[in-house]
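Q: Got a sequence here, can you model it:
(chains A and B)
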Number of protein chains: 2
Amino acid sequence: MQTKTLYWQDNTLFILDQTLLPLALNYIEASDVDTVVDAIKRLCVRGAPAIGVAAAYAVVLSAIKADPQANKSLKSSVIRDIEKLWQSRPTAVNLHWALSQQKDIVESFNGSPAQLVDSLLARALSIHEQDIQINQSIGDLGASLLKPESVVITHCNAGALATAGYGTALGVIRSAFKKNKISRVYAGETRPLLQGARLTAWELEQSQIPVTLITDSMAGYLMQTKKVSAVIVGADRIAANGDTANKIGTYTLAVLARAHNVPFYVAAPTSTFDLQAQSAKDIPIEERHDDEVRQFQGVVSTPEGMTVWNPAFDITPANLISAIICEKGIINCPNMANIKAGIEGK
Amino acid sequence: MQTKTLYWQDNTLFILDQTLLPLALNYIEASDVDTVVDAIKRLCVRGAPAIGVAAAYAVVLSAIKADPQANKSLKSSVIRDIEKLWQSRPTAVNLHWALSQQKDIVESFNGSPAQLVDSLLARALSIHEQDIQINQSIGDLGASLLKPESVVITHCNAGALATAGYGTALGVIRSAFKKNKISRVYAGETRPLLQGARLTAWELEQSQIPVTLITDSMAGYLMQTKKVSAVIVGADRIAANGDTANKIGTYTLAVLARAHNVPFYVAAPTSTFDLQAQSAKDIPIEERHDDEVRQFQGVVSTPEGMTVWNPAFDITPANLISAIICEKGIINCPNMANIKAGIEGK
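A: So this is what the prediction gives:
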């Protein structure tokens, strides 16, 4: 059975601590919002869809923790927690998508505190369950784009661990593998935090999908010397025009793919689209702590205090994207018009 | 004073152990060939020109160690050691260039063992001294290509540590900085062995040249969002047609540079040219141990036994190179004809 990214049990959110993978498999037991906020900030739970699901559950924890006697301030207390969760990470938009749904429930609610908890939990469970189904749809649709014997490059982790399960980019790879279309996956290790080496390589190996780990700098030489069929990545936010924020390094892969005539696919649920963002310029890019680049897991590799640039994401312009695969269908050569039609399922 | 990459003293070759930088500054005392071979293989001394200099001195050690009574076998003993050194690393051609000179001396020699030692040492000292002068010439020539306020990206370490001193790519940067032409250098950390983070960032900081460390995957986003004036790298072997082997990741930078209209410069002494190699296909690319990719400075980051691809170098085709800077001059848009003319100083 696949390791669960997160699950709800006995009024507690259990979050797999992905910072420890693949060396240890530990769950964080979160019974309050601050623990979830901390887990999101420290990337114990990461991946745009998974962050959305975790945040939805965190709002349930907020309602449970609120003083049931203080009915009048219950709503404002939960709204404050939603605000806190909203600010936990800036780029992935699924977080805001999930929190908006919970916020709507809170704002329009008129029942007892216990009923509010029930309503919020029902929505969180539904977001959770839907995400798995959505990933399977993305996987099956995306697999249709690949030919037998495909050699695929992926970056970071857009797998079961980045979602409620199955994965977006890795969902496509899983579905394609079941149809005997994958001969090998090359996983970029994804510095600075090595989600490719720690999570994707581990996930694919667990699923017995042939995987070779490379450093990020090898992707160019790989495309130059071996036959690469496609690059498939996930996304953290997709603007109305198709510009796509994803893990730093994605844009480099897109430029390389174009230079080598390799199709470049983005796999993401419709909840990753932000139609309020017209283009790249409207997507905030998180910059994280310098020490992530200065070291790996506490082992220092550069002089103390070295000046560092550490954007966690980059933007791939729509014109470098061959297609976006969402649960509603495949959006070829994405642009404002076909994205709008595509996510409305037209 | 600049830290010496290597030096000769009391019949001993002192080699700065670059695997320990920047955390420790230790010299390996080599008094036999095997110690030098081991230092080359483990990358204690690395960088094509520095390897050449180290190997030239190692041949002196071989002649010193040979039994002075066994005059007849002296030559064959030294030739055997030259063979051993020749095989120590496959891609950087300066190693073979330096060893060929020492081999010629041995093969044509007719004097006493002590005289052979003197001749070999004189040549090693000359190769060593020349390399520093050559780097300064490369630096001054290359600096002429840059405008004031230049923002430069470099990869791996083509600095004083990769040479007898001053550096090739970093030599250009040093000379340009002296002329107030450098506003900032972005150093790619250069996974898997982090020569950028450990050596280049350290070297530039020691020289008070403004440097920002990035992971290799950030170069694309850097070129997309900031004004980058040039990419400058070193080389391990340059074929007759200009195809250039350099540290893995160089080709990716060259593709990115072309896509962003950023000039891409290679700085290398004429000893890095291999006119026997017609093109990329004649340059052997070293593949190193999987653990270099599986770990980050000894910290394991992926499941045990993970399949890995670990080419230590890649090939940048001549058509992506704006110019090669060697001590004889600047070879713009390198090709077979202008390279031949250029390295003959015509």
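Q: Around chain B, pick out the residues from the stretch 101-250 of chain A.
A: Within the stretch 101-250 of chain A, the positions lying close to chain B (C-beta under 8 Å from any C-beta of the partner chain) are A:186, A:188-192, A:194, A:197-198, A:201-202, A:205, A:210-222, A:224, A:248-249. C-beta here means a position set from N, CA and C on the backbone, and glycine is covered the same way.
Q: Write the PyMOL selection for whichever of those residues are buried.
A: The PyMOL selection below is limited to those of these classed as buried (16 or more other C-beta atoms under 10 Å in any protein chain shown):
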select buried, chain A and resi 186+188+189+190+191+192+194+197+198+201+202+205+211+212+213+214+215+216+217+218+219+220+221+222+224+248+249
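Q: what does the strand ranked longest in chain A rub up against?
A: Counting by DSSP state E, the longest strand found in chain A is strand A:182-188. Strand A:182-188 is contacted from outside by A:146, A:149-156, A:173, A:176, A:196-197, A:200-201, A:204, A:209-216, A:218-219, A:222, A:228, A:249, A:253, B:217, B:309, using C-beta atoms under 8 Å, 6 or more residues apart in numbering or on different chains.
Q: quick one: it to chain centroid distance?
A: Strand A:182-188 has its C-alpha centroid displaced from the chain centroid by 19 Å (C-alpha atoms, centre = their mean, to the nearest Å).
Q: cool, and stretch A:40-50?
A: 8 Å.
Q: buried stuff in that stretch?
A: A:Ile40, A:Leu43, A:Cys44, A:Val45, A:Arg46, A:Gly47, A:Ala48, A:Pro49, A:Ala50.
Q: ok so, going back, filter the residues of the stretch 101-250 of chain A next to chain B down to just the ones in helices.
A: Of those, the ones assigned to helices by DSSP state H are A:Ala201, A:Trp202, A:Glu205, A:Ala219, A:Gly220, A:Tyr221, A:Leu222, A:Gln224.
Q: From what I see, the fifth one and B:Asp314 are in contact.
A: Yes - here A:Gly220 reaches B:Asp314: they are 6.8 Å apart, a contact under C-beta atoms under 8 Å.
Q: what is in contact with these two at once?
A: In contact with both A:Gly220 and B:Asp314: B:Gly249, B:Tyr251, B:Thr252, using C-beta under 8 Å, 6+ apart.
Q: Leaving out sequence neighbours, find the closest residue to the last one.
A: What that stands for is B:Thr252. A:Gly220 (3.3 Å; C-beta to C-beta, 6 or more residues apart in numbering or on different chains).
Q: per-residue pLDDT, the one you found?
A: We have a pLDDT of 98 for A:Gly220.
Q: Which positions within whatever helix or strand A:Ser175 lives in qualify as buried?
A: Using DSSP states H and E, A:Ser175 falls within helix A:169-178. Using 16+ other C-beta under 10 Å as the test for burial, helix A:169-178 gives A:Ala169, A:Leu170, A:Gly171, A:Val172, A:Ile173, A:Arg174, A:Ser175, A:Ala176, A:Phe177.
Q: cool, and stretch A:129-138?
A: Neighbour-count burial for stretch A:129-138 [16+ other C-beta under 10 Å]: A:Asp131, A:Ile132, A:Ile134, A:Asn135, A:Gln136, A:Ser137, A:Ile138.
Q: Let me know the next secondary structure element after the helix ranked longest in chain A.
A: Taking DSSP H as the criterion, chain A has its longest helix at helix A:113-143. Downstream of helix A:113-143, the first helix or strand assigned by DSSP H and E is strand A:150-154.
Q: residues making contact with that following strand?
A: Applying C-beta under 8 Å, 6+ apart, the contact partners of strand A:150-154 are A:146, A:169-170, A:173, A:176, A:181-188, A:196, A:200, A:219, A:222-223, A:226-233, A:253.
Q: ditto for stretch A:23-42
A: When contacts are defined by C-beta under 8 Å, 6+ apart, stretch A:23-42 is touched by residues A:3, A:11-17, A:19-20, A:44-46, A:51, A:54-55, A:57-59, A:61-62, A:64-65, A:81, A:84-85, A:88-89, A:95, B:300.
Q: ditto for stretch A:201-213
A: By C-beta under 8 Å, 6+ apart, the residues outside stretch A:201-213 that reach it are A:2-3, A:21-22, A:157, A:159-161, A:167, A:170, A:173-174, A:177, A:182-187, A:189, A:196-197, A:200, B:293-294, B:302-303, B:306-309.
Q: right, and out of the buried residues of stretch A:129-138, which lies closest to chain B?
A: A:Asn135 (23.0 Å; C-beta to the nearest C-beta).
Q: List the contacts of the closest one.
A: When contacts are counted by C-beta under 8 Å, 6+ apart, A:Asn135 is found next to A:Pro49, A:Thr163, A:Ala164, A:Gly165, A:Tyr166, A:Gly167, A:Thr168, A:Gly171, A:Pro269, A:Glu327.
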